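>>> Below: sequence and its predicted model.
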Amino acid sequence: MNSKQAKSLSAWLVFLMAFAIGITVASNYYAQPLLHSITDDLHIAVKHAGFIIMAAQFSYAIGLLFITPLGDKMERKRLILTLMILSTCGLLISATSQSLCMLMLGTAMTGLFSTVAQVLIPFAATLSSPEHRGKIVGTLMSGMLLGILLGRAFAGLVSTMTDWHYVYWIAASIMTIVTLLLYLSLPSYKNTININYFQLLFSIGSLYQQEPVLRIRSLLAIISFALFSLLWTPLAFVLSNTPYNYPDFIIGLFGLAGAAGALGSPIVGSLSDKGKGFLATTIGLILLLASWLPLSLAEYSLLALILGVILLDFAVQVTHVSNMNAIYQIRPEARSRMNTGYMVSYFIGGMLGSISSTYLYSNYGWLAIIITGTVLGSLGLLCWLHYLKSARRAKTA
């Protein structure tokens, strides 16, 4: 079925792949703690700032749909290196941008090709042994979450010390080094499926029709990442205004609080390896809803805000990792396409959360964010409980 397959993944290669995933996905989130600085520098209205984040997430979703399925057909090492190089080019455009249009172009290009992360994850799942697959996927997902959250801290620090453009210059340099290391370390691997590119794309729809697990997990992905973006996109404005008045660096440090969620990834992966993925998903969705209680006090209490950030990011990560492990347990020959369908749903949720959050916050304030988050969190939990009930009935029928 493949041209070459490693018997196992070394600790070094797992670390390198996790770091590569983190640094590429982080590229889509550098702008979040910088939004008020970017709006001031480029003279952008606050209500339009969400379009920068939306450009990253929309282009990421497009890349997931049209590029990631190639992992089931093309030689994966060559595909990964090509995407890394093109994503780096997008960072260089952002680094030289002097207008909203140029920044959105660079952001969109980076987002489109940073879908390399979603080629690396199923690649690792394929190379790993079944008894360690959940733990390895959990480790890679930790890299993704740490990239998203610590990328904000990095961006805030660099912007406070110099200028926001340097965030992208430094990120492009790191991407270049990581690309070289991947070239030296990754094994070659290629599936030998005999379908063309368009058949590959259309088969994703067939997978949704055939697999109820993919349908429910994709719905949970939309809801969970919409909630993630609903919090993080307007948070920079909350923290830069009264009573906090924090600079970019301090705003970026809030990513460290959210990074606690990464600790849950290997634990959830191990639970999935032991057949307890349903329990992990249920816990994640309950915490996802509960996090909005302390977040409702975010404008008045720093402690409540930090607690809410930790709870929400942990819950999103637990739900996400349990979702992915559930998907990777079915149809191994279609992992890239299953991953594509799931992650397109995930980032569509993020895109909708980003654009709606800036509209809600600029027009109705933080209370509108809290109400929307509570409603969506409740919807996710109810959908999951209904699915569990239906699954039990199907087993006893």
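The structure has been received and is ready for your questions. Numbering: from 1, shown residues only.
>>> where are the low-confidence patches of the stretch 251-397 of the chain?
Low-confidence segments of the stretch 251-397 of the chain (pLDDT under 70): 258-265, 269, 397.
>>> in it, which spans are helices?
For the stretch 251-397 of the chain, helices defined by DSSP state H, counting those that start in this stretch occupy the ranges 264-273, 277-290, 292-295, 302-328, 335-364, 366-396.
>>> now swap in the stretch 1-150 of the chain and tell me
11-26, 35-42, 46-66, 76-95, 100-113, 117-127, 130-161.
>>> Turn the helices of the stretch 251-397 of the chain into TSV, including distance to residue 75.
Every C-beta, even on glycine, is put in place using the N, C-alpha and C of the backbone. Shown next, in TSV, are the helices of the stretch 251-397 of the chain (distance: least, Cβ to Cβ, whole Å):
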stretch	distance to residue 75
helix 264-273	27
helix 277-290	31
helix 292-295	45
helix 302-328	21
helix 335-364	13
helix 366-396	37
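>>> that older thread, which stretch among the helices of the stretch 1-150 of the chain comes nearest residue 356?
Nearest of the helices of the stretch 1-150 of the chain to residue 356, taken as Cβ to Cβ: helix 46-66 at 8.3 Å.
>>> Give me the helices and strands touching that closest one, please.
Packing partners of helix 46-66 (3 or more Cβ pairs under 8 Å, 6 or more residues apart in numbering; DSSP states H and E): helix 35-42, helix 100-113, helix 197-210, helix 212-240, helix 335-364.
>>> so which of the ones you listed gets nearest residue 86?
Using Cβ to Cβ, the nearest of those to residue 86 is helix 100-113, at 4.1 Å.
>>> buried stuff in the closest one?
The neighbour-count check on helix 100-113 (16 or more other Cβ atoms under 10 Å) flags 100, 103, 104, 105, 106, 107, 108, 109, 110, 111, 112, 113 as buried.
>>> Contacts only, for the third one.
Remark: with contacts taken as Cβ atoms under 8 Å, 6 or more residues apart in numbering, residue 104 is in contact with 51, 52, 55.
>>> Try it again at 10 Å.
51, 52, 54, 55, 56, 59, 93, 94, 97 (Cβ atoms under 10 Å, 6 or more residues apart in numbering).
>>> picking that back up, include distance to residue 145 and mean neighbour count when you put the helices of the stretch 251-397 of the chain into a markdown table, please.
Below are the helices of the stretch 251-397 of the chain laid out as a markdown table (distance: least, Cβ to Cβ, whole Å; neighbours: other Cβ atoms under 10 Å):
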| stretch | distance to residue 145 | mean neighbour count |
| --- | --- | --- |
| helix 264-273 | 7 | 23 |
| helix 277-290 | 13 | 21 |
| helix 292-295 | 18 | 20 |
| helix 302-328 | 5 | 24 |
| helix 335-364 | 13 | 23 |
| helix 366-396 | 18 | 15 |
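>>> so which of the ones you listed gets nearest residue 44?
helix 335-364 (11.2 Å).
>>> Report the distance from the closest one to the chain centre.
In this view, helix 335-364 has its centroid 10 Å away from the chain centroid, taken as Cα atoms, centre = their mean, to the nearest Å.
>>> got it, and stretch 82-102?
That offset, for stretch 82-102, works out to 19 Å (Cα atoms, centre = their mean).
>>> which of the residues in it are buried?
Buried, per 16+ other Cβ under 10 Å, within stretch 82-102: 82-84, 86-88, 90-95, 97, 100.
>>> can you tell which of the helices and strands packed on helix 46-66 is closest to residue 299?
Residue 299 lies closest to helix 212-240 among those, at 6.6 Å (Cβ to Cβ).
>>> do you know how far residue 312 is from residue 250?
To residue 250, residue 312 is 19 Å away according to Cβ to Cβ, to the nearest Å.
>>> Could you do residue 143 as well?
With Cβ to Cβ as the criterion, residue 143 and residue 250 are 25 Å apart.
>>> higher neighbour count, those two?
Taking neighbours as other Cβ atoms under 10 Å, residue 143 and residue 250 compare with residue 143 leading, 28 against 17.
>>> about what we covered before: among the buried residues of helix 100-113, find me the one that's closest to residue 34.
Lowest distance from residue 34 to the buried residues of helix 100-113 (Cβ to Cβ) belongs to residue 103, with 10.5 Å.
>>> Isn't the closest one up against residue 48?
No: between residue 103 and residue 48 there is no contact under Cβ atoms under 10 Å: 11.7 Å.
>>> joint contacts of the two?
residue 42.
>>> My guess is residue 238 contacts residue 361. True?
Yes: with contact defined as Cβ under 10 Å, residue 238 counts as touching residue 361 (8.0 Å).
>>> got any residues that touch both of those two?
Counting by Cβ under 10 Å, 6+ apart, the shared contacts of residue 238 and residue 361 are residue 369.
>>> Residue 187 falls within a strand, correct?
No: assigned with DSSP: H, G, I helix; E, B strand; the rest coil, residue 187 falls outside any strand and is coil.
>>> so how many other residues sit close to it?
Neighbours of residue 187 using other Cβ under 10 Å come to 16.
>>> My understanding was that it contacts residue 77; is that so?
Yes: using Cβ under 10 Å, residue 187 is in contact with residue 77, at 7.0 Å.
>>> List the buried residues for stretch 185-196?
Quick answer for stretch 185-196 (16+ other Cβ under 10 Å): 186, 187, 189, 190, 191.
>>> So what's the residue count around the spatially closest residue to residue 240 that is not a sequence neighbour?
The shortest distance from residue 240 to any non-neighbouring residue, by Cβ to Cβ, 6 or more residues apart in numbering, is to residue 36 (4.9 Å). Per other Cβ under 10 Å, the neighbour tally for residue 36 reads 19.
>>> and residue 36, what does it touch?
44, 46, 49, 236, 237, 239, 240, 241, 247, 248, 251.
>>> which one of these sits closest to residue 351?
Of all those, residue 351 sits closest to residue 49, with 14.4 Å by Cβ to Cβ.
>>> so what pLDDT did the nearest residue to the closest one once chain neighbours are set aside get?
Nearest residue to residue 49, sequence neighbours excluded (Cβ to Cβ, 6+ apart): residue 35, at 4.7 Å. Per-residue pLDDT puts residue 35 at 81.
>>> Residue 35 contacts residue 29, correct?
No: Residue 35 lies out of contact with residue 29 (Cβ under 10 Å); the separation is 11.0 Å.
>>> Alright, I will stop here.
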